[in-house]
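# task: produce atomic coordinates for the following.
(2 chains)
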Number of protein chains: 2
Amino acid sequence: MLLRRADVVDGALKFLDAEGLDGLTMRKLGAALNVQGGALYRHFPNKAALLHAMADKLVEGVGDPLPDVSWRDQIYMLGDRFRTALLAHRDGARLVGGLDRTLGGTNTITAGDLAVNVLCGAGLPPAQAGWLAFALFYYVLGHTIEEQAQVNPLVGDYSRSRKARLATDVSPQYAEALDSLTSSDPAERFTYGLNTFIEGVASQIPPTRPVPATR
Amino acid sequence: MLLRRADVVDGALKFLDAEGLDGLTMRKLGAALNVQGGALYRHFPNKAALLHAMADKLVEGVGDPLPDVSWRDQIYMLGDRFRTALLAHRDGARLVGGLDRTLGGTNTITAGDLAVNVLCGAGLPPAQAGWLAFALFYYVLGHTIEEQAQVNPLVGDYSRSRKARLATDVSPQYAEALDSLTSSDPAERFTYGLNTFIEGVASQIPPTRPVPATR
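Now for the predicted structure:
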């Protein structure tokens, strides 16, 4: 059977859902796709190349055109799309986080380009827009990595066994904060953090000169 | 030889620097420390427990008392300490990122407690302080994961080969942004992003009532 590049990427994402990122090797993937390992190398020179293609497939659609709303809402939507994309596959955030973000496949570039253009439209120069677009992305990445780490049953079991002895060690403020963190919806915390960061971005936009009134 | 818990953690961090997170197994670590694998399990019931202990050792000192400066400067210092700690060991950010942050060892708790108390001191209620302390941490985590990913030679080689065909695909704004991203110091970008986020946090602090003048 002739295996197309897109088939390998789709198969690799299915494999990721089943076995996780740590279980993914070219040999095991080849076996799962019923081809010799060598057949994969026809499309991808090495595992890193395959991981890049998987990561790029993961963010497909993130850079789709945005509705004509405020730049704040547009950036929020972009961040939310990124989170949704990363959470859609097991270890998705770890997969995307381990790669070089300044270069990448078509979907990655389209999403980055869109984010930078939204921030430029808001009044930031391109260099600052790039730095802050990536800074916002780092927040999304860190948040989703932690979200996906929480569902790791091994880590979860270990953590629960520590819970009993935690309360005595911390300040009342921190105990209340932890209580709120563990009982809250990650999506709600994500939104609050992202909107807070966006307010910071707003503080970096140089004031515009007043438009002269038309006579 | 009697192997103490702290010896295992120190040895595991040395192993991490040499072999990376993907190469770390209890069996290989036992061999590197010249003990049977079972000797490690006397201190750590499973690999997740060891990883937690390593991550906690990594952030030792992050929660040390802060100088008496503004809350903005204190939060900046905390974020900078975190980044420095994560970058101090190979795969440090990936190690810390894969674990449950709401619970953890002494150093992790001390750092989180300090961050929350700084934000409470700035005027945030504990729950919001907790959400934003973790949001800031997610930014630091995402940034350092990407910083450490860039030095992966495999990924680097692959990326360079794509550089030639990138320029044609993107808007002039994005080309300029990428140019600035790839030519800039990650520490400088980290500082800019963190301070921008801190301005967003400042926007969340409820206005204080004016203090009545003493008669």
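
# for chain A, what spans make up the helices?
According to DSSP state H, chain A carries its helices in the segments A:5-19, A:26-32, A:37-41, A:47-58, A:71-87, A:92-97, A:106-121, A:126-150, A:153-166, A:172-183, A:186-203.

# most packed of those?
Counting by mean count of other C-beta atoms under 10 Å in any protein chain shown, helix A:92-97 has the highest mean neighbour count of those, with a mean of 26. For every residue, glycine as well, the C-beta is placed using N, CA and C.

# just confirm yes or no for that one near chain B.
Yes. Contact check for helix A:92-97 against chain B, using C-beta under 8 Å from any C-beta of the partner chain: residues in range are A:Arg94, A:Gly97.

# show me what that helix is in contact with.
Under the contact criterion C-beta atoms under 8 Å, 6 or more residues apart in numbering or on different chains, helix A:92-97 has outside partners A:16, A:21, A:51, A:54-55, A:58-59, A:85-87, A:89, A:141, A:144-145, A:147-148, B:94, B:97-98, B:142, B:145-146, B:149.

# let me know the average pLDDT across it.
The pLDDT scores in helix A:92-97 average 94.

# quick one: it to chain centroid distance?
Remark: helix A:92-97 is offset 7 Å from the chain centroid, using C-alpha atoms, centre = their mean, to the nearest Å.

# so for chain A, the centremost residue is which one?
Nearest residue to the geometric centre of chain A (C-alpha atoms, centre = their mean): A:Leu141, 4.3 Å.

# need the contact list for that one.
Contacts for A:Leu141 (C-beta under 8 Å, 6+ apart) come out as A:Leu86, A:Ala93, A:Val96, A:Gly97, B:Tyr138, B:Leu141, B:Gly142, B:Ile145, B:Glu146.

# mind checking the helices of chain A for the one nearest to B:Gly105?
Of all the helices of chain A, the one in closest proximity to B:Gly105, counting by C-beta to C-beta, is helix A:153-166 (8.6 Å).

# tell me where the model's unsure across chain A.
Low-confidence regions of chain A, defined by pLDDT under 70, span residues A:1, A:37, A:100-104, A:151-168, A:210-211, A:213-215.

# domain-wise, how is it divided?
In terms of domains, chain A is parsed into A:5-45, A:71-203 (source: automatic domain parsing).

# make TSV from those and add distance to B:His43 to it.
Written out in TSV, the entries for the domains of chain A read as follows (distance: least, C-beta to C-beta, whole Å):
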stretch	distance to B:His43
domain A:5-45	23
domain A:71-203	14
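
# and of the ones you listed, who's closest to B:Ser203?
Among the domains of chain A, domain A:71-203 comes nearest to B:Ser203, with 4.2 Å by C-beta to C-beta.

# follow-up on the earlier one: could you redo the contacts of A:Leu141 as CSV and give each row distance to A:Asn46?
Written out in CSV, the entries for the contacts of A:Leu141 read as follows (distance: C-beta to C-beta, whole Å):
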residue, distance to A:Asn46
A:Leu86, 23
A:Ala93, 22
A:Val96, 18
A:Gly97, 19
B:Tyr138, 30
B:Leu141, 27
B:Gly142, 25
B:Ile145, 21
B:Glu146, 20
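
# return the closest of these with respect to A:Gly121.
When the contacts of A:Leu141 are compared for distance to A:Gly121 (C-beta to C-beta), B:Gly142 wins out at 24.1 Å.

# how about the nearest residue to that closest one, chain neighbours excluded?
Using C-beta to C-beta, 6 or more residues apart in numbering or on different chains and skipping residues adjacent in sequence, the residue nearest B:Gly142 is A:Tyr138, 3.1 Å away.

# cool, and A:Asn195?
Residue nearest to A:Asn195 in three dimensions, not counting chain neighbours: A:Tyr76, with 6.5 Å by C-beta to C-beta, 6+ apart.

# residues in contact with the one you found?
A:Thr191, A:Leu194, A:Asn195, A:Ile198.

# what is the nearest of those to chain B?
Sorting these by how near they are to chain B, with C-beta to the nearest C-beta, puts A:Ile198 at the top with 6.9 Å.

# just checking, the closest one touches A:Ser70?
No. Using C-beta atoms under 8 Å, A:Ile198 makes no contact with A:Ser70, being 10.2 Å away.

# picking that back up, of the domains of chain A, which approaches B:Ala187 most closely?
domain A:71-203 (12.3 Å).

# all set, thanks.
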